[in-house]
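Enquirer: one predicted model, sequence on top.
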Amino acid sequence: MEKKQRGTFSNIGFILAAAGSAIGLGNLWKFPFLTGKNGGGAFVLVYLVLIVLIGFTVMLGEMTVGRKTKLNPIGAYAKLNKNWKFVGAIGVIVAFTIVSYYSVIGGWILKYLFTYVTGQGASIAVNSEQYFGTFISSPVQPLLWHGIFMLINIIIVAKGVEGGLEKASKMMMPSLFVILLILVVRSVTLPGASAGLSFYLKPDFSLITVDVLVAALGQVFFSLSLGMAIIVTYGSYLGDDANLEKSALIIPALDTLAALLAGFAILPAVFAFGFEPTAGPGLIFITLPAVFNSMPLGSVFAALFFLLVLFAAVSSSISLLECPAAYLIDNHGWDRKKAVITLGVLAFLLGIPSSLSLGVFTASFFGMNFFDFASYVAENLLMPLAGFFMCIFVGYIWKPEKAIEEISNYGKLPFKSKGYWVFMIRFFAPIAIFVIWLNSSGISKFFTK
């Protein structure tokens, strides 16, 4: 009965769902923004190297813990060593916190998509910066769209693994890449796009600094959903015949492809119309609407773009909601629908102060508004910490030999990168992640004063 309730991914379903979790807003706005801020091609080169070194290593570790135990993150670590269940707890807390404010941003995307689809895109184009500022500071409208976005997530996740998560991912992931390719073709063929392509593809090695390395490493970590316990959760729905090593290669590859295509879709267009690529969050909601307004059939491409971003956002947020839901189902015997609806409502309520903090709610938390504070705690403090402890757990507590048995299905499957993976998860990955944590948490500042 419990197995039926938890469900099982098909191999392709797992890859698409896990890739969907990884491919989100981090790919579509953060990667192009960080590329623009950190030297273009130099950042891209460092990012690609670190995806190979860190992405594969940590993803395979989390996936293995999940499939070995067939349990949610807290239950998984507790089953392998009860003293280490705190690692899973950190991941679950991270996932729940992120989905609360991720849904707020998802609501913004829905609002923009609705505006363009209904032919009202001209209202954004008049003054895209003022339009965005007025919208997000409103006490009512963003909450309405936040609620609709969360409802979409609840409906999908409540349908279960096969009928909800896998089915939605099989539809959204291929659609996402088709739309992304259409936008890439439009962007790179714009007059003046060559300047953006040159900036994007030609690395200037003199621009590779410690800050660029740390930024690239942080983006790899965030982009692949590592440290959120999502891959542990999704791995727990895998059958014993699944090739974990192959999956841990394919998922980062798809995620990287999406990020690179997003760069091709955004940066040439931004350069073509003379905008700054370093606009940060405003790149999607302020700069790109202005770009779309400047090109032929701009409203059509704008609607396609926000549909693309919606697919990316939903495929990530359903995984964030599934993570704590799996804990309530496994450890407390909750019915799936009850767990998902309860958590969805709580996440919506937690998202309210995040939304209002951009307008009427002016309280400060350590010098940050509530939205930025929630993001800082989840992404900068807890997420790298969970990844670091996972490496220590697999590398020194559970022991690589046990993990290797699971990855190879006790010798039935080849594990070609065995020696490389053991070295990386015991030495390189934990050191690199700890460096991220020192920098992203701000703790390193205390050592450099």
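Expert: Yep, it's here.
Enquirer: quick one: which helix or strand includes the spatially closest residue to Asn72 that is not a sequence neighbour?
Expert: Nearest residue to Asn72, sequence neighbours excluded (Cβ to Cβ, 6 or more residues apart in numbering): Ala326, at 3.8 Å. To be clear about C-beta, it is placed using only N, CA and C from the backbone, and glycine gets the same treatment. Assigned by DSSP states H and E, Ala326 belongs to helix 298-332.
Enquirer: so the residue nearest to Asn72 touches Thr233, yeah?
Expert: Yes - between Ala326 and Thr233 there is a contact under Cβ atoms under 8 Å: 5.0 Å.
Enquirer: any common contacting residues for those two?
Expert: 72-73 (Cβ atoms under 8 Å, 6 or more residues apart in numbering).
Enquirer: what separates Gly119 from Ala303, distance-wise?
Expert: 10 Å (Cβ to Cβ, to the nearest Å).
Enquirer: out of those two, which sits in the busier spot?
Expert: Ala303 (20 against 10; other Cβ atoms under 10 Å).
Enquirer: so Gly411, which of the three states?
Expert: Following DSSP: H, G, I helix; E, B strand; the rest coil, Gly411 is assigned to coil.
Enquirer: all further residue positions should be reported with the first residue as 141.
Expert: In the new count, where the first residue is 141, that last one comes out as Gly551.
Enquirer: list phi and psi for it.
Expert: phi 90, psi 0 (degrees, to the nearest 10).
Enquirer: nearest residue to it in space, please, no chain neighbours.
Expert: Glu545 (8.0 Å).
Enquirer: is the one you found within a helix or a strand, and which one?
Expert: Going by DSSP H and E, Glu545 is in helix 540-547.
Enquirer: by contact count, what packs against the helix or strand where Phe563 lies?
Expert: Secondary structure from DSSP H and E places Phe563 in helix 558-563. Helices and strands touching helix 558-563, by 3 or more Cβ pairs under 8 Å, 6 or more residues apart in numbering; DSSP states H and E, are helix 196-209, helix 540-547.
Enquirer: tell me the gap between the helix holding Ala466 and the middle of its chain.
Expert: Helix 438-472 sits 9 Å away from the centroid of its parent chain (Cα atoms, centre = their mean, to the nearest Å).
Enquirer: relative orientation of that helix and helix 196-209 in degrees?
Expert: Orientation of helix 438-472 against helix 196-209 (axes from the mean of the first three to the mean of the last three Cα atoms, to 10 degrees) gives an angle of 40 degrees.
Enquirer: next SSE after helix 438-472?
Expert: Using DSSP H and E, the first helix or strand after helix 438-472 is helix 476-496.
Enquirer: and the contacts of that following helix?
Expert: Counting by Cβ under 8 Å, 6+ apart, 145, 236-237, 239-241, 243-244, 247, 276, 279, 282-283, 286-287, 290-291, 293-294, 297-298, 300, 461, 464-465, 468-469, 474, 501, 510-511, 514 sit against helix 476-496.
Enquirer: list the buried residues in it.
Expert: 476, 479-481, 483-484, 487-488, 490-496 (16 or more other Cβ atoms under 10 Å).
Enquirer: again, but for stretch 404-422
Expert: 404-413, 415, 417-419, 422.
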